[in-house]
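*Asks:* Generate a structure from the sequence data that follows.
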Amino acid sequence: MGRWAEQQVAGWGRYPSTTALVARPETRRDIEAAFKDREGSPVLAQGMRRSYGDAALLKGCRVIDFTHINRMLSFDEHEGWLRCEAGVTIAEIVDVFLERGWFPPVVPGTKYVTVAGALASDIHGKNHHVAGSWSDHVRRVELLTANGEVVTCDRATNSDLFWATAGGQGLTGMILAMDVRLGRVRSSTTASDADQVPMIDVETIRVPDLATFLQVSAASHQREYTVGWVDGTARGRGTGRGVLMRGDWSAAPRRAVRRRAARASMARYLGSGWLINSATIKSFNTFYYRRHIRRATARTVDADRFFFPLDAVQGWNVLYGKRGFLQYQFVVPPGGGGDRVAAILEAIASSGIAASLGVIKEFGERAHGGLSFPAPGITVALDFPNTGTRLLDLLDRLDDAVASAGGRVYLAKDARLGRESFRRMYPDWSRWKEVRDAADPDQVFQSDLGRRLGLVGDAS
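*Replies:* Okay, here's the model as predicted:
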């Protein structure tokens, strides 16, 4: 194992940024050695750092990077159970198993996420309405606890600890390994079809406003995957306008078109932030909406293009410049949820602060309590260039609107939520903390997010 080394670290939004002592173990024995060698410091596990804010940060303390702990240990060809170490990424699972006719049960908007990070954030995807979240598809989670012992937890064993770990942002212990159940795709191929992989049949529908989006979304619940792009700059009658995409695995495999990622050097060249401002964002959103001239189109695309479109632009987060960006993702419950979302979108558009990327979806009925984010209702995610106090003031106002509606924001995307607003949004927080503190009474596992929200240490 390499020595502890001081490193500047940040989440995907590049805000905030801090320094920590980082170790990069190669084996489980290395992990145990690093844990013992932390000299009494609080510690946190870290993966690909694709959480946007400070969930993977621990200022001035010790962080253990799990990206080299990435072996696939076994696979059940009949039931689809994959046993793997914590640092295995969704990208690695897709690379190995898609051509064999298997796919992760749930994927977020990027494939560069570890399975441990997926559980710690209890990630959701375009199929939440039929598949739920990541925690619905895992078992036999091995967790290195604060006393140095390894505990196995899932729904049947140490269930309280399991549900605190699902969405718990790494604050219950260090995930070492788990079983995740992959799903068969309809157009599965054989080993002889190595040049072919399953594809996705996608229908794209332009919607002129939020009410139309919700109507089309409700009529799409039988589809395996649904998601929408929403124009966060549109106001008035056009509030919530956008494009809904719904898809299913194609009945027959097609030759995959593998697209090259943009060069990182190009992203760095454009990384001063000059490219993304209110004028260019509004222009792009208008262009993107109007380019869908036909109300509905159908096509067949490869998995990368459908599930992970932004991964094609390597290092796209640097486009926002040195100040980075903040993503704000929230969910509000059904029953008037459309009106609440429309009011929030109108408030954003009226603020003059342009959201550069907007995603909207209806969640299904599954919810797990604790700190797990998905809950029945409408979820919207918006990216904002970091403009400082003006943006933070807007997000504070949005927090109040979301909490008043009975909703919540996604902690894996958060960088600035206040403690009072958090407690309004997550009423199970105190019960979650009881379970966490019982497993870690000495507050060994911490993070900047945990400290900010009062999830570690004194909750007052």
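*Asks:* quick one: the strands in the stretch 51-200 of the chain?
*Replies:* All strands of the stretch 51-200 of the chain, identified by DSSP state E, counting those that start in this stretch, fall at 62-65, 72-75, 81-85, 102-103, 138-144, 150-153, 174-181, 183-184, 196-197, 200-207.
*Asks:* For those, which has the smallest mean pLDDT value?
*Replies:* If you rank the strands of the stretch 51-200 of the chain by mean pLDDT, strand 196-197 sits at the bottom with a mean of 82.
*Asks:* about what we covered before: so which of the strands of the stretch 51-200 of the chain gets nearest A438?
*Replies:* Among the strands of the stretch 51-200 of the chain, the nearest to A438 by Cβ to Cβ is strand 150-153 (12.1 Å). To be clear about C-beta, it is placed using only N, CA and C from the backbone, and glycine gets the same treatment.
*Asks:* Check which residues of that closest one are buried.
*Replies:* By 16 or more other Cβ atoms under 10 Å, the buried positions in strand 150-153 come out as 151-153.
*Asks:* Near R83, how many other residues are there?
*Replies:* Residues near R83, counting by other Cβ atoms under 10 Å, number 18.
*Asks:* residues in contact with it?
*Replies:* 72-75, 140, 177-179 (Cβ atoms under 8 Å, 6 or more residues apart in numbering).
*Asks:* any idea how far it is from R408?
*Replies:* R83 is 32 Å from R408, where distance means Cβ to Cβ, to the nearest Å.
*Asks:* returning to that earlier point: tell me the one of the contacts of R83 nearest G352?
*Replies:* Looking across these and measuring by Cβ to Cβ, the closest to G352 is M178, at 45.0 Å.
*Asks:* what's the closest non-adjacent residue to the closest one?
*Replies:* V141 (4.5 Å; Cβ to Cβ, 6 or more residues apart in numbering).
*Asks:* and that neighbour, what are its bridge partners?
*Replies:* Counting by DSSP bridges, V141 forms beta bridges with C153.
*Asks:* thought it was touching C153?
*Replies:* Yes - counting by Cβ atoms under 8 Å, C153 is a contact partner of V141 at 5.3 Å.
*Asks:* Pick the one among the buried residues of strand 150-153 closest to I123.
*Replies:* For these, the nearest to I123 is C153 (18.2 Å; Cβ to Cβ).
*Asks:* tell me how far stretch 36-53 is from the chain's mean position?
*Replies:* The chain centroid and the centroid of stretch 36-53 are separated by 18 Å under Cα atoms, centre = their mean, to the nearest Å.
*Asks:* Let the chain start at 19 from now.
*Replies:* Sure, I'll start numbering at 19, so the last one becomes stretch 54-71.
*Asks:* Can you give me the end-to-end span of it?
*Replies:* The straight-line separation of the ends of stretch 54-71 (Cα to Cα, to the nearest Å) is 28 Å.
*Asks:* Tell me the buried residues in that stretch?
*Replies:* So, applying 16+ other Cβ under 10 Å, buried residues of stretch 54-71: 56, 59-71.
*Asks:* mind showing which ranges of the chain have poor pLDDT?
*Replies:* 19-20, 205-213, 271-293, 311 (pLDDT under 70).
*Asks:* and if we set it to 90?
*Replies:* 19-21, 204-215, 269-314, 331-333, 337, 353-355, 374-375, 475-478 (pLDDT under 90).
*Asks:* What is the helix or strand containing F348 packed up against?
*Replies:* Using DSSP states H and E, F348 sits within strand 343-350. Packing contacts for strand 343-350, counted by 3 or more Cβ pairs under 8 Å, 6 or more residues apart in numbering; DSSP states H and E, involve helix 355-369, strand 395-403, helix 407-422, strand 426-427.
*Asks:* between V159 and C171, what contacts are shared?
*Replies:* 180, 183.
*Asks:* returning to that earlier point: nearest to D249, out of the contacts of R101: which one, please.
*Replies:* Taking Cβ to Cβ as the measure, D249 sits nearest to M196 out of the contacts of R101, at 38.4 Å.
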